[in-house]
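quick check, what structure comes out for this input:
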Amino acid sequence: MSADLTIYLPGPGLDPESEDFIEEIERYCAGPPPPASPRLLAFLRDLRALYPDRGEDTVWALTPIDTGLHGNLLGVGLRWSCYGPVHPALLALAHRHGLSVFDPQSETHHPPSEAAA
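Numbering: from 1, shown residues only. I've put the predicted structure just below:
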């Protein structure tokens, strides 16, 4: 069992206030992948430094974690047993990079401005 998270660069085409946000993500990912955002690539590098995506003890349900990279969006799956301890660190790291996080388990959006609150 895993917990999915979507980390994305806020901007046009992905409106977290939309009732159809999940469908927006699916439409965005259905097309050819645009070039990866440098900000998302920097986040991915730092995320791998904290939580490597190799080996048996990885926190990730699907590896390598860049499998879910699509332009301005990264979908990751955490092993459910790791969700509690990893989720806060992942949010903090995403916010440091100016990225938003969508958690479909709770249908909660965590924008980068939340870090300043």
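
got the contact list for the worst-scoring helix or strand of the chain on mean pLDDT?
Least confident element among the helices and strands of the chain, by mean pLDDT, DSSP states H and E: helix 21-30 (a mean of 82). Here helix 21-30 makes contact (Cβ atoms under 8 Å, 6 or more residues apart in numbering) with T6, Y8, G13, L14, D15, S18, H70, G71, L73, G75, F102, P104. Any C-beta I mention is one placed from the backbone N, CA and C, and that applies to glycine too.

the very next helix or strand once past that helix packs against which elements?
Counting by DSSP states H and E, the element after helix 21-30 in chain order, helix or strand, is helix 38-50. Judged by 3 or more Cβ pairs under 8 Å, 6 or more residues apart in numbering; DSSP states H and E, helix 38-50 is in contact with strand 2-8, strand 73-79, helix 80-96.

what angle separates the second one from helix 80-96?
Orientation of strand 73-79 against helix 80-96 (axes from the mean of the first three to the mean of the last three Cα atoms, to 10 degrees) gives an angle of 150 degrees.

ok, and for strand 73-79, which residues are buried?
Under the neighbour-count criterion of 16 or more other Cβ atoms under 10 Å, strand 73-79 has L73, L74, G75, V76, G77, L78 buried.

for the third one, list each beta-bridge partner.
In other words, G75. Beta-bridge pairing for G75 (DSSP bridges): T6.

wait, it touches T6, no?
Yes - taking Cβ atoms under 8 Å as the definition, G75 is a contact partner of T6 at 5.2 Å.

any weak-confidence spans in the chain?
12-13, 114-117 (pLDDT under 70).

which residue of it lies farthest from its centroid?
In the chain, the residue that sits farthest from the middle, by Cα atoms, centre = their mean, is E56; the gap is 21.5 Å.

picking up where we left off before, ok, and for the least confident helix or strand of the chain, which residues are buried?
Neighbour counts over helix 21-30 (16+ other Cβ under 10 Å) mark F21, I25, Y28 as buried.
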